[in-house]
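S.K.: Please find the sequence and the predicted model below.
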Amino acid sequence: MLIDQLKNYRIFLVSKSPRRAALLTDMDIPFEVMTADVDESYDPMLPPEQVAEYLSQIKLTGIDRSRYPENTIFITCDTIVVTDSEILGKPKDAAEAVRMLQTLSGREHRVITGVTVATPLQQLTSHRVTKVHFDTLSPEEIDYYVKQYKPIDKAGAYGVQEWIGCVGITAIEGSFYNVMGLPTKLLWDMLKKMI
């Protein structure tokens, strides 16, 4: 079984996200957290799926993988929210968070997470897309959420597992965990291919 095989590897989650760390823990995968500061700008002409994959790959550029033994695995992810053709990343401040939630209110959007799994010798990249349907949110609901939960560290300015997900999301088509920032089934399948 994969869990037994992974015991032979040192695994790094290259992410500052406590949600991704919690999900990896829920998968019974032993890991250490590593952070890498990289330039996350991208070509605005890229399709959103390619943007998510590119951003997950770029996080590896700050790591000299050749310095690690072959039984090392690095996991990187990046999640974006797409409405129509606009990519919503992390809001810069509370006002931008409010604007993003106003944009998502009463509409369907896509959450796309790019995932890269790499060893010193090989690398796999893929992505998962989930459709999320929001009910119409009142200005008071949006203000309450932004003030109480401060979603500045979240793509699209919301966390599906938080209050706004409980009261505002009417339907999810696809992986719930993808909306949290880590498509767990996709990662599991990628790790199986890697080992």
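M.R.: Received it, and whenever you're ready, just let me know what you need.

S.K.: show me the contacts for residue 123.
M.R.: For residue 123, the residues meeting the contact criterion (Cβ atoms under 8 Å, 6 or more residues apart in numbering) are 57, 60, 116-117. C-beta: built from backbone N, CA, C; applies to glycine.

S.K.: Check which helix or strand residue 141 maps to.
M.R.: Counting by DSSP states H and E, the element that carries residue 141 is helix 139-149.

S.K.: and the helix or strand that that helix is followed by, how far out from the chain's middle?
M.R.: Beyond helix 139-149 in the direction of the C-terminus, DSSP H and E gives the next helix or strand as helix 163-168. Between the centre of helix 163-168 and the centre of its chain there are 19 Å (Cα atoms, centre = their mean, to the nearest Å).

S.K.: Report all helices and strands that helix 163-168 contacts.
M.R.: helix 139-149 (3 or more Cβ pairs under 8 Å, 6 or more residues apart in numbering; DSSP states H and E).

S.K.: quick one on the thing from earlier: now do the helix holding residue 141, average pLDDT.
M.R.: When the per-residue pLDDT values of helix 139-149 are averaged, the result is 98.

S.K.: Pull the residues that contact that helix.
M.R.: Residues from elsewhere that reach helix 139-149, judged by Cβ under 8 Å, 6+ apart: 94, 97-98, 101-102, 105, 151, 157-159, 162-164, 167-168.

S.K.: after the helix-or-strand element of the chain with minimal mean pLDDT, next one along is what?
M.R.: Ranked by mean pLDDT, DSSP states H and E, the weakest helix or strand in the chain is strand 86-88, scoring a mean of 94. Read in the C-terminal direction, the helix or strand following strand 86-88 is helix 94-104, with elements assigned using DSSP H and E.

S.K.: buried residues in that following helix?
M.R.: Judged by neighbour count (16 or more other Cβ atoms under 10 Å), helix 94-104 contains these buried residues: 96-98, 100-101, 103-104.
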